[in-house]
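Asker: coords please:
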Amino acid sequence: MLLRYLGILRRIDASACYEQPNRRDTGLAAQLRLTPPAPFLLRPELLATLLLTVCGGLNSLFPEGGVLPEGYWTFEVVKFLALYSVAFLTGLMVVRWGVRVNYTRKINHFALFFLPIFLLDYIGYEPTLTTTTVTGGLLVASLGVYVHPVRSRVPPLATMFASFDRPEDRPFTLWWLSSQMVAGYMVIIPLIVVFGQIGYGWMMFIPLLINGIGDGLAEPVGIRFGRHEYEVRPLHGGRTYVRTLEGSACVFLTGILVIALFHQQFTTPQFWAAMLTVPILMTLAEAVSPHTWDTPFLFLVGGLNLLGIALFF
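Answerer: Residues are numbered from 1 along each chain as shown. As a prediction, the model looks like this:
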């Protein structure tokens, strides 16, 4: 009863502002039928190649730390095994127990954000621009196992895919997710380079944290407590999707808390400039960004905002 009250389990009378899957399509068999294969040029593995090529070219301009450090591959293997395990368990929550994908998707979101931080305490290595670039390529390529020809033949992969395949995103689930990752890394890596060159590398943790925590909370909070709705559009297609002011407020409040967390790193003028601009601008960026594509907009707006503060305050 508690889970149904919180809106975590699906109900037939679920909120009309989010398209819910038909009950006939909640089983594993339905997951095997869903989402036709993406066009060849839009496959995750090819997007990963694009990311590595572009960012690798940028990385060659700054060759310091170009060799992958000891422990990196061990870290990545353990991380991906953990992430795939989380995806499988949350997929079971959807397929067998009827938990809404909007919640399990965010469990995966937080696992992707916090698991690497946790693992660094046990399998440490020194992050560099090279490791960030390679990690981005691996992350996008890891989605390749979910393409329809593969998951339709491997039921565990179909279960894992169910953990983030929102019914309202079909048939573009993988395309939107993988292209958002590529765009996010293509924004964040140049910003990391620029901030590092001017001695403000720590500033990039701010948009990362706001995106990881604030945006991660926005959807579940909006679904459960959202009352004030507004519409957004996807990258393509004529459909509209609903966000809520309550969900977007998570980005704003997280922005305030993250800026406060870094207050000792700022000068006084920088702190107040950041406090007065970063939360509101990143909230607006999340509000106007295309459906499922808020990460690159949050990184871009937050990063450029902080870059201006670093240079002029």
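
Asker: ranges for the helices of the stretch 101-250 of the chain?
Answerer: Under the criterion DSSP state H, counting those that start in this stretch, helices of the stretch 101-250 of the chain are mapped to 101-120, 129-141, 148-151, 155-162, 173-197, 205-209, 216-225, 245-261.

Asker: pick the most deeply packed of the ones you listed.
Answerer: Among the helices of the stretch 101-250 of the chain, helix 155-162 has the highest mean neighbour count (mean count of other C-beta atoms under 10 Å), at a mean of 22. For every residue, glycine as well, the C-beta is placed using N, CA and C.

Asker: residues touching that helix, excluding its own?
Answerer: 28, 31-32, 84, 87-88, 91-92, 94-95, 101, 145-146, 150-152, 173 (C-beta atoms under 8 Å, 6 or more residues apart in numbering).

Asker: now the angle from that helix to helix 101-120?
Answerer: 100 degrees (axes from the mean of the first three to the mean of the last three C-alpha atoms, to 10 degrees).

Asker: average pLDDT for helix 155-162, rounded please.
Answerer: The average pLDDT within helix 155-162 is 96.

Asker: now swap in stretch 248-258 and tell me
Answerer: Here stretch 248-258 scores 97 as its mean pLDDT.

Asker: swap in stretch 105-114?
Answerer: 93.

Asker: can you check the pLDDT for residue 10?
Answerer: The model's pLDDT for residue 10 equals 45.

Asker: and residue 237, by the same measure?
Answerer: So residue 237 comes in at 69 (pLDDT).

Asker: quick one: end-to-end distance for stretch 164-172.
Answerer: Using C-alpha to C-alpha, to the nearest Å, one end of stretch 164-172 lies 12 Å from the other.

Asker: got the buried residues for it?
Answerer: 164-169, 172 (16 or more other C-beta atoms under 10 Å).

Asker: same check on stretch 233-241?
Answerer: Buried residues in stretch 233-241 (16+ other C-beta under 10 Å): 234, 241.

Asker: circling back to that earlier point, dump the buried residues of stretch 164-172 to TSV, plus distance to residue 277.
Answerer: Shown next, in TSV, are those (distance: C-beta to C-beta, whole Å):
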residue	distance to residue 277
164	32
165	36
166	32
167	37
168	33
169	32
172	33
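
Asker: in JSON lines, list the helices of the stretch 101-250 of the chain along with distance to residue 307.
Answerer: Listed next are the helices of the stretch 101-250 of the chain as JSON lines, based on distance: least, C-beta to C-beta, whole Å:
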{"stretch": "helix 101-120", "distance to residue 307": "23"}
{"stretch": "helix 129-141", "distance to residue 307": "17"}
{"stretch": "helix 148-151", "distance to residue 307": "41"}
{"stretch": "helix 155-162", "distance to residue 307": "37"}
{"stretch": "helix 173-197", "distance to residue 307": "7"}
{"stretch": "helix 205-209", "distance to residue 307": "11"}
{"stretch": "helix 216-225", "distance to residue 307": "24"}
{"stretch": "helix 245-261", "distance to residue 307": "15"}
